[in-house]
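1. Next comes the sequence, and after it the predicted model I'd like to discuss.
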Amino acid sequence: MQTAPSDPAATPSGETFWSSLTERKRVSLSLLPSFLVGLLFIWRARGVAPDGSVRWVLFDDAMISMSYARTFAQTGELVWFPGADRVEGITNPLWTLYMALLHAVGLSGNAVVLAVSFTGLVCVLAAGWLAYRIARHLTDVAALWVASAVAVSLTYSLMYWSVRGMEVGAVTVAVLAAVLLAVRFAESVNRRALVGLCVVAAAGVLLRFDFAVVPAVITVWLFFCLRGVRHRLLYCAAPVLVGVAAAGAVVATRILYYGEAFPNTYTLKMAGVTVGDRLARGFDANWKLVGFLLVVAVGVAAITVFRRSLFTNHRAVWLLTGVLAIMVAYSVYVGGDAWEFFPNRYVTPGIATGSIVAIVGVGGLLGRAAGRVGVAAAFAVAVVLFTSSAGGYYQWAATGGLYVYADHSVANWATTLRDGGIADSDTVIAVTTAGASQYYSELPAVDVLGKSDPVVARTHPKKSFLPGHDRWDIAHTILTLKPDIVTNLPFTTEAEWDAIRADYSPYCLDYNGPTETETKEVLVLRGSPHVDVGRLRECEVRRPQVATGWYLKP
């Protein structure tokens with residue numbers, strides 16, 4: 001690998017500053033913007049609990065993982081809550097085990113939530129550092145190393161999903177670490193890089209099962225890069241074989257413990273949905289990436305055409321681009337995510353690899369043409385962040401982040417059930433926003449939308465395809481299981497509503513929301529010994545008539 005140019009006379013304007021800095025200073029300055037934004041993001045995500053204290057809450061899906069983690073720390077059972085059936089309502093086993101460790105050492109309340117949020121921020125910073133290291137293998141221009149770290153660590157979807165408690169940051173770190181180790185191994189065949197690559201491949205699969213596509217891409221790329229190398233087939237196959245072995249271990253453990261080869265969430269999202277329906281929504285959901293993909297394509301073209309004069313390792317661009325392509329393809333195949341207001345959880349690690357290509361390619365080309373690398377790098381960062389993150393940051397500036405208010409509202413009414421003397425510890429609640437409501441109430445629950453209910457997961461979708469939010473079974477969840485309290489029902493027919501009203505009485509729960517007093521409509525099982533209806537207000541509850549699949553107060 002070439003080093004940064006040291007002759008000021010031969011160095012484009014803006015590059016001498018970065019070249020003159022020590023490595024530690026360059027990295028520190030690269031990550032400072034995302035560190036400050038991350039701190040501000042976490043601070044703005046705070047809310048007010050019913051007792052007036054400040055509280056932090058994670059994204060609702062992350063709170064489901066937190067419930068599994070707390071139960072595992074308390075009982076040794078990896079289930080939703082103590083006494084729940086063995087159903088795998090999570091897709092991130094290693095991340096959930098990390099959450100369990102935090103609970104096991106005694107963290108709770110804000111402490112454990114903030115520990116997860118700050119872990120997510122550390123993952124964002126680690127992703128930026130890895131982007132810096134990867135960029136060093138593509139170009140000898142220090143300004144572009146810095147720009148790559150800035151662009152990746154400021155990517156909105158990476159910041160949002162990570163600090164709100166999802167495993168996306170950890171997966172992105174695993175993806176970038178695997179890419180960096182693969183590039184190092186291709187440049188200089190050595191056991192250390194190969195062992196590291198295999199370890200990362202295994203860890204990534206344990207984080208999320210669908211990470212297995214990354215070792216597959218790396219194997220194909222190494223096959224073309226290691227021509228003429230002794231033991232080429234063995235070296236190329238190692239990452240994917242380790243990934244397959246890790247996946248096999250996960251499946252075997254899952255079958256032994258849960259009795260199923262795949263998570264219940266996989267069944268919920270995939271069963272009964274045609275490939276055509278998934279692809280149609282997948283293409284529609286990922287259409288917003290077109291602008292970003294065009295910028296990446298320009299970067300690929302620049303690196304390919306000018307590989308001898310501007311760039312030091314043009315082969316790595318195909319690995320970075322291949323990872324982006326496979327993740328976009330996977331997102332399209334599964335029909336995208338339920339939340340598509342900005343790049344989803346599946347494509348975010350690919351956004352990171354694509355950003356490096358775009359920054360190095362576009363910034364390097366413009367810098368050499370204009371003679372001002374620093375300005376070109378800054379321009380490239382602006383273009384990448386605009387095409388990948390502008391909508392997300394606009395939403396964050398206006399609202400504090402997607403569903404942040406709603407997650408606090410759910411946590412508050414759930415806390416009111418527990419602390420307000422309304423429900424005793426044996427009260428069973430039926431919920432749609434299943435994460436914060438169960439975690440903060442600590443009550444047994446049934447999941448109306450089926451993340452932790454295999455019966456609902458296997459029903460036919462009740463509305464147009466929306467992953468994880470398009471099916472429910474009122475006859476099973478409400479009329480058969482008969483939970484004590486029912487909240488936020490999805491669409492019900494008149495016959496279902498009449499059957500529900502024959503067993504349930506309508507009430508309103510008044511509670512202190514994050515900013516004002518709010519009211520939640522609930523249905524209480526008549527004669528339930530677990531609910532003190534005297535602490536609720538009688539009111540009329542309307543039949544849900546819009547098949548949205550869930551309801552959250554805006």
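-> Received the coordinates, thanks.
2. pretty sure L365 is in contact with R307, am I right?
-> No - the criterion here is Cβ atoms under 8 Å, and L365 misses it with R307 at 11.5 Å. All C-beta spots, glycine's among them, are computed from the backbone N, C-alpha and C.
3. Which one of the two is surrounded by more residues?
-> Neighbours were tallied for L365 and for R307 using other Cβ atoms under 10 Å; the higher tally belongs to L365 (21 against 15).
4. any idea which element the more buried one lies in?
-> Per DSSP states H and E, L365 falls inside helix 364-370.
5. Can you name the secondary structure element that comes next after that helix?
-> Downstream of helix 364-370, the next assigned helix or strand under DSSP H and E is helix 373-399.
6. Which residue ranges of the stretch 51-200 of the chain form helices?
-> 60-75, 93-104, 109-138, 142-153, 156-163, 168-187, 191-207 (DSSP state H, counting those that start in this stretch).
7. buried sites along whichever helix or strand comes after the last one?
-> Proceeding C-terminally, helix 191-207 gives way to helix 213-225 as the next helix or strand, assigned by DSSP H and E. Within helix 213-225, the residues that count as buried by 16 or more other Cβ atoms under 10 Å are 213-222, 225.
8. Now the element after helix 213-225, going C-ward?
-> helix 232-258.
9. What are the buried residues along the helix or strand just after that following helix?
-> The element immediately downstream of helix 232-258 (helix or strand, assigned by DSSP H and E) is helix 264-270. Using 16+ other Cβ under 10 Å as the test for burial, helix 264-270 gives 264-269.
10. what does the helix or strand following helix 264-270 rub up against?
-> Reading on from helix 264-270 to the C-terminus, the next helix or strand found by DSSP H and E is helix 275-285. With Cβ atoms under 8 Å, 6 or more residues apart in numbering as the contact definition, helix 275-285 has outside contacts at 270, 331-337, 340, 344, 465-466.
11. The helices of the stretch 51-200 of the chain: which one's closest to E518?
-> Each of these was scored for nearness to E518 using Cβ to Cβ, and the closest is helix 60-75 (17.1 Å).
12. how about the closest one: buried residues?
-> Applying a neighbour-count criterion of 16+ other Cβ under 10 Å, the buried positions in helix 60-75 are 60-73.
13. who does that helix touch, helix- and strand-wise?
-> Contacts of helix 60-75 with other secondary structure elements, assessed using 3 or more Cβ pairs under 8 Å, 6 or more residues apart in numbering; DSSP states H and E, are made with helix 93-104, helix 109-138, helix 404-419, helix 434-441.
14. swap the cut-off to 7 Å and go again
-> Other elements packing on helix 60-75 under the criterion 3 or more Cβ pairs under 7 Å, 6 or more residues apart in numbering; DSSP states H and E are helix 93-104, helix 434-441.
15. most tightly surrounded among these?
-> Across those, the average number of neighbours (mean count of other Cβ atoms under 10 Å) peaks for helix 434-441, which reaches a mean of 27.
16. Tell me which helix or strand comes right after it.
-> strand 445-447.
17. Name the strands paired with that following strand and say parallel or antiparallel.
-> Its sheet considered, strand 445-447 pairs with strand 429-431 (parallel) by DSSP bridges.
18. how far does the partner strand sit from the chain's center?
-> Centroid separation for strand 429-431 versus its chain: 25 Å, with Cα atoms, centre = their mean, to the nearest Å.
19. Show me the domain layout of the protein.
-> Structural domains annotated on the chain: 13-42+55-399, 404-538, as defined by automatic domain parsing.
20. The helices and strands packed on helix 60-75: which one's closest to A237?
-> Each of the helices and strands packed on helix 60-75 has some distance to A237 by Cβ to Cβ; the shortest is helix 93-104, at 23.8 Å.
21. Please list all residues in contact with G354.
-> Contact criterion Cβ atoms under 7 Å, 6 or more residues apart in numbering gives 292, 296, 320-321, 324 as the residues in contact with G354.
22. ugh, wrong one, I meant A182
-> Under the contact definition (Cβ under 7 Å, 6+ apart), the residues listed for A182 are 197, 218, 221-222, 319.
23. tally of neighbours for S409?
-> Under the neighbour criterion other Cβ under 10 Å, S409 is assigned a count of 24.
24. residue boundaries of the strands in the stretch 451-554 of the chain?
-> 485-487, 504-512, 517-525, 537-538 (DSSP state E, counting those that start in this stretch).
25. So which of these is the most surrounded?
-> Among those, ranked by average contacts under mean count of other Cβ under 10 Å, first place goes to strand 485-487 (a mean of 25).
26. mind checking how far that strand is from the chain centre?
-> With Cα atoms, centre = their mean, you get 28 Å for strand 485-487.
27. ok, it: who's next to it in the sheet?
-> Partner strands and pairing direction for strand 485-487 (DSSP bridges) are strand 429-431 (parallel), strand 517-525 (antiparallel).
28. Adding distance to S153 and mean pLDDT, write these out as CSV.
-> Putting the strands paired with strand 485-487 into CSV (distance: least, Cβ to Cβ, whole Å; pLDDT from 0 to 100) gives the following:
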stretch, distance to S153, mean pLDDT
strand 429-431, 35, 95
strand 517-525, 36, 95
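29. I'd like to know which of those strands is closest to E496.
-> The minimum distance between E496 and those falls on strand 517-525, with 12.3 Å, by Cβ to Cβ.
30. of the helices and strands packed on helix 60-75, which approaches G361 most closely?
-> helix 93-104 (32.7 Å).
31. who are the neighbours of the closest one, in terms of helices and strands?
-> Using 3+ Cβ pairs under 7 Å, 6+ apart as the contact criterion, the neighbours of helix 93-104 among helices and strands are helix 60-75, helix 109-138, helix 191-207.
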